[in-house]
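Q: Below is the structure, and that's it, no one-letter string:
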């Protein structure tokens, strides 16, 4: 379900990007959230949302994390991952980006990836 949500959202953003390419004057309507910021959100949500979550589900199944004592952690882990994506998307729209494709985890969303 998480993956489907990110698929729909990321592709909707892709449609927005297509419209902005066809009608560049519409960038003015978006204020600070112009094409350049939406591109980072689009590509990262496609990779980390839509493509990575089915892989996580597959790995849960292969390693038995969906049953036994680890099963109680499967859903919360997916929610944390989705929360990290939402925080990342907000951060990228605010302009916090490294400028490197798929390596944009800078600023406050990085707290989701620091487990030490």
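A: Structure received. Since the model is a prediction, treat every value here as computed from it, not as a measurement.
Q: ok, which stretches of this protein are helices?
A: In the chain, the segments counted as helices under DSSP state H are 2-22, 35-44, 52-62, 71-93.
Q: So which bits of the shortest one are buried?
A: Within helix 35-44, the residues that count as buried by 16 or more other Cβ atoms under 10 Å are 37, 38, 39, 40, 41, 42, 43, 44. Just so you know, the C-beta spots here come from the backbone N, C-alpha and C atoms, and that holds for glycine as well.
Q: same deal with the last one?
A: Of the residues in helix 71-93, those with enough neighbours to count as buried (16+ other Cβ under 10 Å) are 74, 78, 81, 82, 84, 85, 87, 88, 89, 91, 92, 93.
Q: Out of these, which one has the weakest pLDDT?
A: Lowest pLDDT among those: residue 74, with 76.
Q: quick one: low-confidence ranges for the protein?
A: Low-confidence segments of the chain (pLDDT under 70): 98-116.
Q: and the closest residue in space to residue 27 that isn't next to it in sequence, how far is that from residue 85?
A: Among residues not flanking residue 27 along the chain, residue 34 sits closest, at 4.5 Å (Cβ to Cβ, 6 or more residues apart in numbering). Note on residue 34: its distance to residue 85, by Cβ to Cβ, to the nearest Å, is 21 Å.
Q: any idea how far the residue most central in space within the chain is from residue 38?
A: Central residue of the chain (Cα atoms, centre = their mean): residue 45, 3.1 Å from the mean position. Taking Cβ to Cβ as the measure, residue 45 falls 10 Å from residue 38.
Q: and for these two, which residues touch both?
A: residue 13 (Cβ atoms under 8 Å, 6 or more residues apart in numbering).
Q: for the residue nearest to the centre of the chain, what are its contacts?
A: Counting by Cβ under 8 Å, 6+ apart, residue 45 touches 6, 9, 10, 13, 85, 89.
Q: The second one reaches residue 49, doesn't it?
A: Just to be clear, that refers to residue 9. Yes. Between residue 9 and residue 49 there is a contact under Cβ atoms under 8 Å: 7.4 Å.
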